[in-house]
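J.: Got a predicted structure here, sequence first:
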Amino acid sequence: MFTFCPACATVFAVKADHLHAAGGRVRCGYCNHLYSVANYLFEEITAARDAAAEHQASGGQAETADAGTLERERQAMQISAGGPAASLSLPGGWQQRTIAWHDVITGAGIGLLILLLGIQWLYFNRTELANDTGWRPTMERFCDFLRCDLPFRVDHVRVALLERDVRKHPRADDALLVNATLVNHADHIQPFPVFVLSFSGLSGKPVAMRYFRPAEYLGDTTAITAGMAPESRADVVLEIEDPGKDAISFQIDFL
């Protein structure tokens, strides 16, 4: 059921058990007016709204509370303590709710928190997303906006080894000289890989392995931070300790 306040014409939803407990008198949660709901009770919300509009248009006067009914006034049901934003039941289980400024501010705050959470997720996962071809354009726009550095795409499978050679060092005993040439066949700039050199024995089991970071195998003259441009070459020269006579073969990998 529905009623409207004769003082301010605000429409509210009411229940029969509440009306029985309050003795048929209710207090408007919007303007605090006390009135007998029996004179303003409707089954449908549309009828209540039409009657409220007609009452207000006709300049209808709000009834005045009886000064001798203080106890009944104390027991009167307060409709919508939160004002006209009370829920109104509609057919089909839907509810109509008047939007208040509090709702707008709360919704904006929740939306802002969700936006900040999404930005944080993008920022802390930017390395993985930057390497995804689908996400890459979005991440580039994201970093342009936040003025952040986007990591290079990594595709070390496209780094080829053109030349490689491991031989005795010409001037140092118990040392080896490693020469290799890398080329980036990817269609984009990518970071220099970690250079992995491993030695195996006759049985195929590894007997020695070492990882070399770009700064270790490229030296100071190469612009490491600029990355490997497409089809660019990098020459590697390393002097390493001889792993011994058990090492009969070597292998070079990239990470």
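T.: Structure's in. What do you need?

J.: what's F254 in contact with, if anything?
T.: Taking C-beta atoms under 8 Å, 6 or more residues apart in numbering as the criterion, F254 is in contact with H156, V159, L182, P193, V194, F195, V196. For the C-beta atoms, the positions are set from N, CA and C on the backbone; glycine is no exception.

J.: rerun at 10 Å
T.: Applying C-beta atoms under 10 Å, 6 or more residues apart in numbering to F254 gives the contacts H156, V157, R158, V159, A160, L161, L182, F192, P193, V194, F195, V196.

J.: phi, psi of it?
T.: With angles defined as degrees, to the nearest 10, F254 sits at phi -130, psi 140.

J.: do the same with Y217
T.: Dihedral pair for Y217: phi -100, psi -10, per degrees, to the nearest 10.

J.: That one contacts V236, doesn't it?
T.: Yes - using C-beta atoms under 10 Å, Y217 is in contact with V236, at 4.8 Å.

J.: Show me whatever sits in contact with both of the two.
T.: Residues touching both Y217 and V236 (C-beta under 10 Å, 6+ apart) are V178, A180, L182, F192, F195, L197.

J.: Now the fifth one: phi and psi?
T.: Read it as F195. Here is the backbone geometry of F195 (degrees, to the nearest 10): phi -90, psi 120.

J.: For it, grab the count of nearby residues.
T.: 24 (other C-beta atoms under 10 Å).

J.: With adjacent residues omitted, what lies nearest to it?
T.: Among residues not flanking F195 along the chain, F212 sits closest, at 4.2 Å (C-beta to C-beta, 6 or more residues apart in numbering).
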